[in-house]
Every structure is written in structure tokens, then in C-alpha cells.
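In: Attaching a predicted model along with its sequence, questions to come.
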Amino acid sequence: MGIQGHRMRGEVSLQTVLLLFSGGLLVISLLAALAASYGHFRDYVSDQLAAHARDGATAAGLSLSNAIDGSDPVASASLVDAVYDSGNYLSVEYLGHDGEPVAVRSEPLRPSRAPEWFVALAELPLPVAEAEVVRGWSRLGKVRVVGHPGRAYDDLWQITLGLLAASLATGGAGLTILYLLLTRALRPLREVEAQARAIGQRDFRTRVQTRSTRELNRVSEAMNQMADDLGQLFEGQGKLIQHLRKVNNEDPVTGLASRAAFDQRVKVEVESEEKSAAGVLILVQLANFASFNAERSREEGDQLLRLMAGQIQQFVTRHPESIAGRRTGAEFAIFVPGASGADVGIWADELVQTLHGLYAEVASPLETRVHAGLAVALPGTGIRDVLAAADEALRQAQQKEHSCSLMPEQTPGNHHNVEVWRTIISQAIREDNLSLWVQPMVQGEGKGLLHYQVFSRINTDEGALKAGLFVPMAERLGMMPDIDRMLVERVLVHLGENPAESLAISLSGASIADDEFRGRLLGMLAGAGRDVERLWVGIPEIAIHHHRKEVGGLIRELFRRNVPVVVDRFGVGGVAFSYLRRLPLSAVRIDHSFVRDVDSHEENRFWLESVVGIAHSRGVKVYATGVETAAEYSVLCKLGIDGAMGYHLGRPFAADQ
């Protein structure tokens, strides 16, 4: 469906109604004035024409009675000719006492300058006047004069044109002034309408600035105040949820994930039937940190921990999908998914040396060492077993007298290193060996289908590799834009072939940050027509933080194309929730780590309840992922989640099945 507001069919604006009503009254008034003026001038012209005919008849009668011999036909004819030629008459007749004409001058009614239709419409009465011709007591006859209405029609036509022009000018000027007046007076109302529409879309930034009438000014002030109050309310809710997330999931000193949050996220990565993928766990510890705290101060100790955490965060940034947290004291943990033990061993050595250099510089002259223990986590491995293996490796490393990292040789490792992965992924891109798998997103107790979430797999000689295996390495190798391009192409083809389906995809942060990919994405969507309205585009929350400008521009372009956008892995990006107010989003997808064991995790349950409330107040839907038990789904339904997916609700299957 269209996301932007459109004027409904049959709606008429208030300005149009007022303009039609007031303009209609003005036009009716002008027409009435025109009709009255026309009637007045028509009567006036008719009276003038009749008076002219009477004067002519009287003059001719007197002349025939006194000046000349009315019984003389020749003299009478000369007089009739003189009267006819001196006036504007249609006919002049001198009739004898027996009614027979003695002298006659006449002509037919010639067409005047007035149009024939106007002559027929005006239809002036012909003015006929008569006068007796007498000599003494003897009646000789009578004179009959018929006035010529041609000039009267011309005069009436000119007068009518003048009246019509004046009426049109007056009406046009009046309607123009009325339009300008209504436009100016109702301008705040249009701004209020735009503000109300923005508030309906949960955008509280729009303000009404124009001043107008007293009543509209009061409405504008009330709307502005309401927008301010709602904006502050939403801001407060966002800060509250952000605070809850930090309290429950962040270490207060370093800003890294807390021990419980780290364990929960890694548990999802390695134990979840749906999510599980290989990775490497690194435990890092600063030696003699207790002595440093004792010699310096707790404040300096916290500063040192924050310095170490900054370097660890940079390590995580260089290795997408990695997770970092603080466990206890000066012990940190890092989980690197999708990487081989050999590769992570090299990276861990570099990290240890970097941390050792900083530690030695800050703690000098105290003896300093940094140790790290590594353990490979294979799919399905228990989190406790992985932590125990990494802890054992850390204890062995601590027996060394220098900073180092250690991975026991007996620890099983991933058989693919970086170069092998590069070859596998490059071949898949080159040969277009990408297949689509889908998993249903359902809602409510009835588990009605909302859409299908799309997962990509690459086909290799070893079989189909899940995204959880190759995506982390593709991120590190910079190959995700090509993979996401293939994914979008396949999905658009599938939507065109299956008009009843809706699909959701998840783009990587690396793809979104790539200018060329964004351009190609918008081009592909433009060529897909209205099929794109059935495509949900997922953007990871962490990308909103690291690529704010690019993400904001892309989301707005998708919004203009009626493509719904969902925030992926919501809650783990460490981003302030104010972006929910700034960006036109359709939904957020809660990360697995908040859903796992939500039926027994009170803090996550309370956090989810708060997120649902604030998201719904913004018109944003909330979806959950990684639902693996009936108890989890039951709790989510009670919290008001709009949709959920997971192995409990439906396993992935090939899209062409």
C-alpha cells in the first residue's frame, strides 16, 4: 500500500468551498445587477424611441394642417419626404380621411450593428405614433409615423457590452481579491493540516509559523504545543528504553556488552538451532591490574579499562558481526563468527601486542602483560564448553612470562581460512551460485502468514552453505555488495513470478555504505514496478549508527517508492532510538538475543514490552526473530508483537519448492 498520504477521491478543500460559496454569491449579485440595469436601459431606449415617433407625427400633422395644403398630394408628399429624411423613421404615412394613403415613405428594418441574436432577444416594441390632419373644422386625414429601432438596438447593444464588461471586471477583481484573502487567511490551516499529517506519521518536528485570524492563531498555538508535548513524550520514552538497554546489556565502565548480555548473544550464535555457526572465542586479560588499581586509583583503573575497550571496539569494527564484552575486572571477551582458528589466532596476536603497548605506557613502571586464550566454537557446541576451553587456554597463556595468545593444538578449528573463503565466495559470485531460502513470518495465535524472510545460500562442492557461515567472511573480504546485488535480483524475479507473495530481505552494512550498490539497488527497484511494494528491505541497526547519511538517504528513497523498510537486529546496535522519529520506518526486527529464553528473562521481557509500546506509538511494527519454543512465542504474543519467525514457527525451505 502507499505510504505517503494522498487526497481521497471526492474531497474538497475548505478554501474551495468558501470560494465557491462567496464567489457564487458575488456572481449572482452581479448577474442580478446586470439584468436590472439591462431592463432599465431597455425601457429607457423604448421610451426614447416612442417619444421620437410622437414628436415626428405631431410635427408632420401640424405642418400638413397649417403650413401647407394637406389636400394637395404633391405638397403632402414633399412634406412626408422632408419629415422622413430629417428623422430616423421606419415609415411615415399620410392617410386620407377614407384611410387611403396619400403619401408614403418607408423601408424595411435593416440589420443593425447589433447581432441578430441580440435583436431577437431584446425585441424592442415598434413605436407607432399618429396625428390628425385638419383644416378648420374639416378632417383631412392622419399621419402615422413608425420609429426606426435600429439605432436603439445599437445603443442598447453598446450599453449591454459596457455593463457586461464592468460586471466581468468587477467579478474578476472580486474573485481575485477573495481568493487572495482566503489563501492568506487559511494558510495556517494548510500548515495545521500538514502538521496533523506529520503527527499521524509520528513526526513531531513540523511547526505552524504563519499568523492569521485570532481563532486560527489559537488553533496553531495549540497544535504546536501538542507537537512539542508529544515530541518530548516520545523523546522521554526513547531515552528510557535506551537507558534500560544500557543497564541490562552494557558494562557501565567500558560501554561494551555486559557479561550476561555477551553470554546471551554468543549462546544464540553457537547453540541456537536456527542461528548456530562456527566462530572463535577470545578471552583477554590484563595481568597485574589489581596492583595497578592499588597503586593508582579506581578512577585511573576505569580509564585504563576504557582505553583497552576502545582498542577492542576497533577490533570489532574491523571484523563485522563480531561481539565484544567485559566479563570481570580486567578480563574481556570477543567472539568472531565465521572465521578459522588460524586466522583469528593471527588477529588475536596483533590485538594482544596493541593492548600490551598501551597498558605498558599507562602503567609504567609497573610490570605489565596481556594474555589471551582462544577456543573454536563449532555449530551446536554449548556456550559453557566454549568458555571453559577458552578459559583453559587463557590460564595456559598466563603461565608465559610475556604477553601472548594461545589456542590449544587439540582444539578443533574451522577448516576454511581467509583465502579459501575468498575462493569459495568469488566462485559463487562469478558463477551466480546463489540460492534463495525462505522462512515464514507469522502473527498471532493463529500463526497467519505475513511474509517470507529470505536467506541466501551459496552452492559449493561441499553443498549449500548457510549465510551464517559465509556472510561474516564475505563482510571482511568486502564481497557483500556483490552478494546482496545477486540476492535482490533473484528476489525481484521471484516476486514477479509469484504475485501473491511478499518477501523480506536483509542488506549488509557494507552494501548500504557502498554508493554503487545503492544506485544499482534503486535502479533495480525502479524497473520492478509495483512488485517492490511487496518487498521488505531490512537494514541493520548498526549501519544507522556508522553510515547515518547514507542510510537516511536510502530509507527516504525507498519510502518514496512505497518500499517498506525494517530495522534489522534491533537492540544490539547501541544506537539512540531517536532515529525512529527521524526516519520513515515500517518495522523493527528484534535481535535473537532478546528473544532467546524471554519467557524466563525478566529484564528482556520488560525491555521488549517498552519497545513495543514506543514503536506502536510511532506507527512502527515490531517483529521478533529466533523463536524456538512455544513458551517464547506465547510471551511475545502477550507483549503485542506484530509478527515472529523461528524454527518453532516454521523452518527455512528452498524458495522454488
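Out: Sure, I can see it.
In: quick one, phi/psi of Glu489?
Out: Geometry field for Glu489 lists phi and psi as phi -60, psi -50, criterion degrees, to the nearest 10.
In: SS state for His371?
Out: For His371, the secondary-structure state derived from DSSP: H, G, I helix; E, B strand; the rest coil is strand.
In: what's around the spatially closest residue to it that is not a sequence neighbour, how many residues?
Out: Nearest residue to His371 in three dimensions, chain neighbours excluded: Ala397, at 4.1 Å (Cβ to Cβ, 6 or more residues apart in numbering). Using the backbone N, CA and C atoms, a C-beta is placed for each residue, glycine as well. With neighbours defined by other Cβ atoms under 10 Å, the count for Ala397 comes to 24.
In: longest helix anywhere in the chain?
Out: As far as residue count goes, and with DSSP state H defining each element, the longest helix of the chain is helix 150-200.
In: name the helices or strands packed onto that helix?
Out: Of the remaining helices and strands, those touching helix 150-200 by 3 or more Cβ pairs under 8 Å, 6 or more residues apart in numbering; DSSP states H and E are helix 14-62, helix 116-122, helix 214-249.
In: so where do the strands sit in the stretch 201-350 of the chain?
Out: Remark: strands of the stretch 201-350 of the chain, listed N- to C-terminal, are 279-286, 323-326, 331-337; assignment by DSSP state E, counting those that start in this stretch.
In: Now mean neighbour count too, for those, in JSON lines please.
Out: Formatted as JSON lines, the strands of the stretch 201-350 of the chain follow (neighbours: other Cβ atoms under 10 Å):
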{"stretch": "strand 279-286", "mean neighbour count": "27"}
{"stretch": "strand 323-326", "mean neighbour count": "24"}
{"stretch": "strand 331-337", "mean neighbour count": "25"}
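In: nearest to His546, of the ones you listed?
Out: Distances from His546 to each of these were compared using Cβ to Cβ; the shortest belongs to strand 323-326, at 15.4 Å.
In: I'd like to know the average pLDDT value across the closest one.
Out: Computed over strand 323-326, the mean pLDDT rounds to 92.
In: Turn the strands of the stretch 201-350 of the chain into CSV, columns for distance to Ser63.
Out: CSV is the format used below for those (distance: least, Cβ to Cβ, whole Å):
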stretch, distance to Ser63
strand 279-286, 131
strand 323-326, 127
strand 331-337, 127
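In: isn't the residue nearest to His371 right up against Val370?
Out: No - under the criterion of Cβ atoms under 8 Å, Ala397 lies out of contact with Val370, with a separation of 9.4 Å.
In: right, and the helix or strand after the longest strand along the chain?
Out: With DSSP state E applied, the strand covering the greatest number of residues in the chain is identified as strand 448-460. The C-terminal neighbour of strand 448-460 among helices and strands, as given by DSSP states H and E, is strand 463-465.
In: any idea how far that following strand is from the chain center?
Out: Here strand 463-465 is found 40 Å from its chain centre; the criterion is Cα atoms, centre = their mean, to the nearest Å.
In: Distance of Phe315 relative to Pro149?
Out: Separation of Phe315 from Pro149 (Cβ to Cβ, to the nearest Å): 107 Å.
In: other SSEs contacting the lowest-mean-pLDDT helix or strand in the chain?
Out: Considering only helices and strands, the least confidently modelled element of the chain by mean pLDDT, DSSP states H and E is helix 73-86, at a mean of 71. On a contact count with 3+ Cβ pairs under 8 Å, 6+ apart, helix 73-86 meets helix 14-62, strand 89-96, strand 101-106.
In: Just the CA trace of the shortest one, in PDB.
Out: Presented in PDB, the C-alpha positions along strand 101-106 are these (Å, rounded to 0.1, in the frame of the first residue of the first chain):
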ATOM      1  CA  PRO A 101     -52.600  56.500 -48.400                       C
ATOM      2  CA  VAL A 102     -51.900  60.000 -49.800                       C
ATOM      3  CA  ALA A 103     -48.100  60.000 -49.400                       C
ATOM      4  CA  VAL A 104     -45.900  57.200 -48.000                       C
ATOM      5  CA  ARG A 105     -42.200  56.800 -47.300                       C
ATOM      6  CA  SER A 106     -40.900  53.500 -45.700                       C
END
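In: Partner strands of it, with direction?
Out: Here strand 101-106 has these sheet partners by DSSP bridges: strand 89-96 (antiparallel).
In: what's the first-to-last distance across stretch 532-549?
Out: Distances were taken as Cα to Cα, to the nearest Å; on that basis the terminal residues of stretch 532-549 are 23 Å apart.
In: What residues sit buried inside that stretch?
Out: Of all the residues in stretch 532-549, those buried under the rule 16 or more other Cβ atoms under 10 Å are 532-544, 547.
In: again with stretch 307-323
Out: The neighbour-count check on stretch 307-323 (16+ other Cβ under 10 Å) flags 307-309, 311-313, 315-316, 319-323 as buried.
In: ok so, going back, wait, which of the strands of the stretch 201-350 of the chain is closest to Leu216?
Out: Nearest to Leu216 among the strands of the stretch 201-350 of the chain is strand 323-326; the distance by Cβ to Cβ comes to 55.1 Å.
In: which strands and helices sit next to the closest one?
Out: Taking 3+ Cβ pairs under 8 Å, 6+ apart as the contact definition, the neighbouring helices and strands of strand 323-326 are helix 259-271, helix 298-318, strand 331-337.
In: Now distance to Ser508 too, for those, in a markdown table please.
Out: Supplementary listing: the helices and strands packed on strand 323-326 in a markdown table, determined by distance: least, Cβ to Cβ, whole Å:
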| stretch | distance to Ser508 |
| --- | --- |
| helix 259-271 | 17 |
| helix 298-318 | 14 |
| strand 331-337 | 14 |
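In: Would you tell me which of the ones you listed gets closest to His40?
Out: When those are ranked by proximity to His40, the top entry is helix 298-318, at 90.4 Å, counting by Cβ to Cβ.
In: And for the closest one, what's in contact with it?
Out: Applying Cβ atoms under 8 Å, 6 or more residues apart in numbering, the contact partners of helix 298-318 are 251, 253-256, 284, 286, 289, 292-293, 322-324, 326, 330, 332, 334, 347, 351, 354-355, 358-359, 362-363, 476.
In: Can you pull the phi/psi pair for Glu628?
Out: The phi and psi torsions at Glu628 (degrees, to the nearest 10) take the values phi -120, psi 0.
In: Which of the helices and strands packed on helix 73-86 has the highest mean neighbour count?
Out: Among those, judged by mean count of other Cβ atoms under 10 Å, the one packed with the most neighbours on average is strand 89-96 (a mean of 21).
In: for the record, mean pLDDT for it?
Out: Per-residue confidence for strand 89-96 averages out to 74 on the pLDDT scale.
In: roughly how far is it from the heart of the chain?
Out: Relative to where its chain is centred, strand 89-96 has its mean C-alpha point 85 Å off (Cα atoms, centre = their mean).
In: tilt between that strand and helix 150-200?
Out: Note on geometry: by axes from the mean of the first three to the mean of the last three Cα atoms, to 10 degrees, strand 89-96 and helix 150-200 are set 150 degrees apart in direction.
In: can you offset everything so residue one is 2?
Out: Sure thing, new numbering starts at 2, so read that last one as strand 90-97.
In: Not counting strand 90-97 itself, show me its contacts.
Out: Outside strand 90-97, the residues that touch it by Cβ under 8 Å, 6+ apart are 54, 57, 61, 65, 71, 77-78, 80-81, 84-85, 102-108, 110, 127, 134, 141-150.
In: buried ones in the least confident helix or strand of the chain?
Out: The neighbour-count criterion (16+ other Cβ under 10 Å) identifies Ala76, Ser77, Leu80, Val81, Val84, Tyr85 as the buried residues of helix 74-87.
In: repeat for stretch 116-125
Out: Neighbour-count burial for stretch 116-125, counted by 16+ other Cβ under 10 Å, picks out Phe119, Val120, Ala123, Leu125.
In: Identify the residue spatially nearest to the last one, adjacent ones excluded.
Out: What that stands for is Leu125. Excluding the flanking residues, the one nearest Leu125 by Cβ to Cβ, 6+ apart is Pro150, at 4.8 Å.
In: Pull the contacting residues for the one you found.
Out: When contacts are counted by Cβ under 8 Å, 6+ apart, Pro150 is found next to Leu50, Leu91, Leu110, Leu125, Leu127, Pro128.
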